[in-house]
Every structure is written in C-alpha cells, then in structure tokens.
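Visitor: Need a 3D model of the following:
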Amino acid sequence: MIAILFDLEGTLVQSIESNQEAVVDFRVKTREKLVDLGVPSNMLKGETRSILMRNKAIEYVEKNFGYEEAKRFHAEMDKFLKSYELFWANRSKIFSDTIPTLRKLKKLGYKMGLVTSTSRDAANRILSIHRIGSFFDVIVTREDVKRLKPNPEAILLALKKLNEHNFFFVGDSIYDSQATERASGICLIVNRNVSKKLKVKTHYTVSSLTEIPSLIQKLVFLFKFSI
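Guide: Residues are numbered from 1 along each chain as shown. You can find the predicted model right below:
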C-alpha cells in the first residue's frame, strides 16, 4: 500500500512566505521570544529560519530546563505562535489547483495525510475555511511532535497512523524534501514560479498540483507499489 502526504501552507494554500516583510518580522520576533524565555542567543547563532531556531531551542530546553521551566517555555511559545498562525490562517487563500487534485487522488483510492508545522487550531481553521478537511485520513501538526521538518518525526507519525510505509510527500520547500528523504520517501516539490530556481534536492518537481495524480500513477507503476 502507499500513502500521499501533503504539506499545507505554500503547497495547498498560499503561505505567509509570499509576504517577505511579514516573514522577516516573524523570524525576528521568534528569536526575541526564545531568548526572552531563557534560550541563550548564541544557541541560535547562524539560524535565520523560525523552524530551525525552534528546533534548536527545544533541544536546549530538553537538556537544560527543569520540568516547570520547560512547561512554561512550551506554553508561552504555543501562545506566541498561535497568535501568528491564526492570523495567517484567517487570511489564507487556497490555490486553484488544490481541490481538483485532492478530488482526483481521493477518487483513485489513495490514503492521504496532512503534515504541517502549524498548530492544530490553525490547520483546522484553514481546512474549515476552504472545505478540504474531508480529503485527509490523518492530520499531524506541530503539537503532535517534538521536532519540526526537516526532522522526519511528523512524517513518520503520519505513516504510523496510516499504517503505511511507502509514501509520496508533496511539498514546496527544502525542509519538505529533507524530511522526506530522511523518512525514505519520494518527494514531489511544487514550484509554481517557473522563473524561480529552487535550492532543493528533490526527486521530482512540478509547476502545478494538477500534475501530481498522473505523475504518481506513473511512479507507482515504475516502483511497483501497491495502491
């Protein structure tokens, strides 16, 4: 059997990444919040991405914080992140190729999962607004794992829930590609901007989600996967 896992923001709906000013502000505020909660600034040195800063901070907290201090850290970070995540979720826009692609894959009988680095509240808000929640057999959010992509933990959890081993992951970033590789899957990266060169090591790249169903069918035949 085989599963198809999807990233959410940037893949199925428009990501905050499209607003560079907002992205920079979020990264700055994330660093400030982590330092304010007791993570040494030198631990975050060299990291500019929010996800990587948070992964490093979690490692530091696990090794150096006591139970109560760690509990406060996670509660404060969750509150901080959700204020941004829900703001972006309410303003999300679905890509025109999302629903037709999900319908086609569902009709073909594939199990589908969603693996996102946002919160469950934000993910549910997006899925509800755009009415795409029913397409997914499992949803894994940042609250279900300790470490985010590029760590493969979330992907492996989704596969466990689906009771599957072979999988395709459809995403839009280098973190999606790295997490997929580490989980021994096949990554399909969506690059809607053909003039933009992706610094991503991936198996396959498409310019639209509508290319995904036929590509997967070809790859299933090629690799002799069982649906």
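
Visitor: helix or strand for residue 149, which one?
Guide: Counting by DSSP states H and E, there is no helix or strand that carries residue 149.

Visitor: In this structure it contacts residue 178, no?
Guide: Yes. In terms of C-beta atoms under 8 Å, residue 149 counts as a neighbour of residue 178; the distance is 7.3 Å. Just so you know, the C-beta spots here come from the backbone N, C-alpha and C atoms, and that holds for glycine as well.

Visitor: the more surrounded of the two?
Guide: Neighbour count, other C-beta atoms under 10 Å: between residue 149 and residue 178, residue 149 has more, with 28 against 18.

Visitor: From residue 135, how far off is that one?
Guide: The spacing between residue 149 and residue 135, counted by C-beta to C-beta, to the nearest Å, is 21 Å.

Visitor: can you list the domains in this structure?
Guide: Following automatic domain parsing, the chain resolves into domains at 2-15+92-222, 18-90.

Visitor: what about residue 49, how many neighbours?
Guide: Neighbours of residue 49 under the rule other C-beta under 10 Å: 15.

Visitor: Could you find the closest non-adjacent residue to it?
Guide: Setting aside the residues directly before and after it, residue 49 is nearest to residue 27 in space (C-beta to C-beta, 6 or more residues apart in numbering), at 6.9 Å.

Visitor: other SSEs contacting the strand or helix carrying that neighbour?
Guide: Using DSSP H and E, residue 27 maps to helix 20-36. Counting contacts by 3 or more C-beta pairs under 8 Å, 6 or more residues apart in numbering; DSSP states H and E, helix 20-36 is packed against helix 50-64, helix 67-90.

Visitor: TSV for those helices, including mean pLDDT, mean neighbour count and distance to residue 7?
Guide: Formatted as TSV, the helices and strands packed on helix 20-36 follow (pLDDT from 0 to 100; neighbours: other C-beta atoms under 10 Å; distance: least, C-beta to C-beta, whole Å):
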stretch	mean pLDDT	mean neighbour count	distance to residue 7
helix 50-64	96	17	12
helix 67-90	96	15	15
